[in-house]
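Enquirer: below: sequence and its predicted model.
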Amino acid sequence: DTAVSQTPKYLVTQMGNDKSIKCEQNLGHDTMYWYKQDSKKFLKIMFSYNNKELIINETVPNRFSPKSPDKAHLNLHINSLELGDSAVYFCASSHGREVFFGQGTRLTVV
Amino acid sequence: GENVEQHPSTLSVQEGDSAVIKCTYSDSASNYFPWYKQELGKGPQLIIDIRSNVGEKKDQRIAVTLNKTAKHFSLHITETQPEDSAVYFCAASIGDSGGGADGLTFGKGTHLIIQP
């Protein structure tokens, strides 16, 4: 199946831990993103990554860092997790204007 | 930056009736307006989009209209069915590629409930 896939789907972890979420797209897209959806369902962009150029939303804490080993992957690393990081994180990709989203990773920090 | 307002936050309609969701945007430079449907436990799925050089676009039971002067756009769903129940998001962006560096700016979503 052609898609944006991310793992894991659910992630429960303790405060202070470091965790990663993986994302892969096989759509041949040249731009990838990470979005955060909070408890009120509000979707907001965190990062965009295109041809090794990373654009960071200024509101994202530097504990969050995206890493792209190649054009098809954009992983999200989070250090020193805090309770407020609990949310659903969506990976997405685009070629042109249409943006396609993965199924999301529900992160719960306890 | 861009700000997108979406109304209503919840919309309940009888099966078979029409549903309309409205959005306004603030940045006149925005030129791409997609609509996404999000079902429970899933990611947002693109259902229709419109570019700023078009006033209306239709795809079967769904249509989107755009008023550039007033900076608002709307989603219309006719002959609603139970499977239309979901959260719908409008969004706006500038540029040619997924919103570019700024990505998509989303509205806060509308929970559409189709009553049988």
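Expert: Great, that's in hand.
Enquirer: and the nearest residue to residue A:33 once chain neighbours are set aside, how many neighbours?
Expert: With sequence-adjacent residues excluded and distances taken as Cβ to Cβ, 6 or more residues apart in numbering or on different chains, residue A:33 is closest to residue A:92, at 4.4 Å. Placement of C-beta: from N, CA and C, glycine included. Residue A:92 is flanked by 27 other residues according to other Cβ atoms under 10 Å in any protein chain shown.
Enquirer: please apply the same query to residue A:50.
Expert: 19.
Enquirer: for whatever residue of chain A ends up closest to chain B, give me the pLDDT.
Expert: Per Cβ to the nearest Cβ, residue A:94 is where chain A lies closest to chain B, at 3.0 Å. The model reports residue A:94 with a pLDDT of 90.
Enquirer: middle-most residue in chain A, spatially?
Expert: Closest residue to the average C-alpha location of chain A: residue A:34 at 3.5 Å, with Cα atoms, centre = their mean.
Enquirer: what residues are up against it?
Expert: By Cβ atoms under 8 Å, 6 or more residues apart in numbering or on different chains, the residues touching residue A:34 are A:23, A:45-47, A:66, A:74, A:76, A:89-92.
Enquirer: so it sits in a strand?
Expert: Yes. Per DSSP: H, G, I helix; E, B strand; the rest coil, residue A:34 lies within a strand segment.
Enquirer: hey, what's it bridged with?
Expert: Counting by DSSP bridges, residue A:34 is bridged to residue A:47, residue A:91.
Enquirer: all strands for chain B, in order.
Expert: Counting by DSSP state E, residue ranges of the strands within chain B are B:4-7, B:10-14, B:19-25, B:32-38, B:45-51, B:56-59, B:62-67, B:72-77, B:86-92, B:105-106, B:110-115.
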